[in-house]
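Enquirer: Pasting a predicted model and its sequence here:
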Amino acid sequence: MNVKKFCLIACLALFSQIGTAQEGLPIYSDYLTDNYYLIHPSMAGVANCAKVRLTARAQWFGQDEAPNLQTLSINGRIGDSPSAIGAIVYNDKNGYHSQTGAYFTYAHHLMFSRNEIDLNMLSFGLSAGFIQYKLDETEFLADGFDPIIAGVEQSATNFNVDLGFSYHLIDFYAHATVKNLLSNEGINFNEQGLSYENLRTYIFSAGNTFSKYNSDWSFEPSMMFIYRDATEEASIDINAKAYKTMDFGKVWGGLSYRRSLDGAEFLDGSGVSSQKLQYFTPFVGVDYNDFVFAYTYSYQANSVVFNNGGFHQITLGYNFNCRREKYECNCPAVN
């Protein structure tokens, strides 16, 4: 294996969790901007307001065909019932690969509280959707004929489902979700030409909100663990978030640190070195009446990177059909 190919494989391994997205909706850090529904279907309708969220993400400014992602989601309760519905549409492009998807969600929320003051709720959610994968090979044959390249835009459409659970107990919450529960191939191939049917991903997250009595400040530490079944890759997020109550709503911000538990080897000139994917994500946001605005920036802290530019993401949101805050808790996702 020559040096160029070895370094390429190392970089692809490092970027697989932040730059490629051929496994359904990518998992970034935008869930921290009041957007847990993007990764956990059980969070549909959990809040006392129906929510619309629009996100746009761009990576590596100045690079041609750099990854970019747009999502639009909506979710809310069905009247005063414990059931909720939601929908997500997204467009994800990374170089010659792209995918467009749409999910529809049904969620149900079971209350264990003696009344609606103390929050004690178990939620179930199921999302089903279609994903269209595309691979544009029209520019691959500039140097002549290759028997394994068709030279056309390949496409495939798959159906898949996500299943999730959430539990809220006053200021504590926990979520567990299985994404891409079904097996399908899409048009994804490794370097030996073998396709992967298992795109299953397991996500576990938990957190707690703390505040002093009658204080305008609250703090929310949380974590998330991601495990990809086929490749046995794992990563963990450690997050810290703070809220300040204002006359018009809230201002909030925080920092997320993601680290892969698997490394990649590369040649550094004097031998073989290894590194694990890690990046820092500061974020800020404001809730102004029924509107939400947030900005997220991710910086990859590795010695070998494709580009020193960061990853920028903007979230716009609107809350409607709001009911009164029912629960005496510091639970921003619910109240």
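Expert: Alright, I've got the coordinates. Numbers count the residues shown, from 1 in each chain.
Enquirer: Check what pLDDT residue 11 gets.
Expert: Per-residue pLDDT puts residue 11 at 41.
Enquirer: Residue 101 contacts residue 73, doesn't it?
Expert: No: the criterion here is C-beta atoms under 8 Å, and residue 101 misses it with residue 73 at 11.7 Å. (Glycine included, C-beta is placed from N, CA and C.)
Enquirer: tell me, what's touching those two both at once?
Expert: Common contact partners of residue 101 and residue 73 (C-beta atoms under 8 Å, 6 or more residues apart in numbering): 88, 89.
Enquirer: So residue 43 is in contact with residue 333, correct?
Expert: Yes: Residue 43 is within contact range of residue 333, at 7.0 Å (criterion: C-beta under 8 Å).
Enquirer: quick one: which of these two has more around it?
Expert: Taking neighbours as other C-beta atoms under 10 Å, residue 43 and residue 333 compare with residue 43 leading, 30 against 18.
Enquirer: residue contacts, that one?
Expert: Contact analysis of residue 43 by C-beta under 8 Å, 6+ apart lists 36, 37, 75, 107, 123, 125, 164, 166, 175, 333.
Enquirer: Tell me which helix or strand comes right after the lengthiest strand in the chain.
Expert: When the chain is parsed with DSSP state E, its longest strand is strand 249-267. Next helix or strand after strand 249-267 toward the C-terminus (DSSP states H and E): strand 272-288.
Enquirer: Most neighbours of all the contacts of residue 43, which one?
Expert: residue 37 (29 neighbours).
Enquirer: Once you drop chain neighbours, what's closest to it?
Expert: Using C-beta to C-beta, 6 or more residues apart in numbering and skipping residues adjacent in sequence, the residue nearest residue 37 is residue 43, 4.5 Å away.
Enquirer: hmm, back to that, now do the shared contacts for residue 43 and residue 333.
Expert: residue 36.
Enquirer: Pull the contacting residues for residue 316.
Expert: So residue 316 contacts 53, 54, 55, 291, 292, 293 (C-beta under 8 Å, 6+ apart).
Enquirer: in what helix or strand does the closest residue to residue 45 other than its chain neighbours lie?
Expert: Distance criterion C-beta to C-beta, 6+ apart; nearest residue to residue 45, sequence neighbours excluded, is residue 84 at 2.1 Å. Of the helices and strands defined by DSSP H and E, residue 84 is found in strand 83-94.
Enquirer: For that strand, C-alpha coordinates in PDB please.
Expert: The C-alpha atoms that make up strand 83-94 are tabulated as PDB, following Å, rounded to 0.1, in the frame of the first residue of the first chain:
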ATOM      1  CA  SER A  83     -50.300  11.000  21.300                       C
ATOM      2  CA  ALA A  84     -48.100  13.100  19.000                       C
ATOM      3  CA  ILE A  85     -47.000  13.200  15.400                       C
ATOM      4  CA  GLY A  86     -44.000  14.700  13.600                       C
ATOM      5  CA  ALA A  87     -42.200  14.900  10.200                       C
ATOM      6  CA  ILE A  88     -38.600  15.500   9.100                       C
ATOM      7  CA  VAL A  89     -37.300  16.200   5.600                       C
ATOM      8  CA  TYR A  90     -33.700  16.700   4.800                       C
ATOM      9  CA  ASN A  91     -31.100  17.100   2.000                       C
ATOM     10  CA  ASP A  92     -27.600  16.000   2.600                       C
ATOM     11  CA  LYS A  93     -24.700  16.300   0.100                       C
ATOM     12  CA  ASN A  94     -21.100  15.300   0.300                       C
END
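Enquirer: can you list contacts of that strand?
Expert: 19-22, 25-26, 37-38, 41, 44-46, 65, 67-78, 98-109, 127, 129.
Enquirer: Could you point out the helix or strand that follows it?
Expert: Taking DSSP H and E, what comes next after strand 83-94 is strand 97-111.
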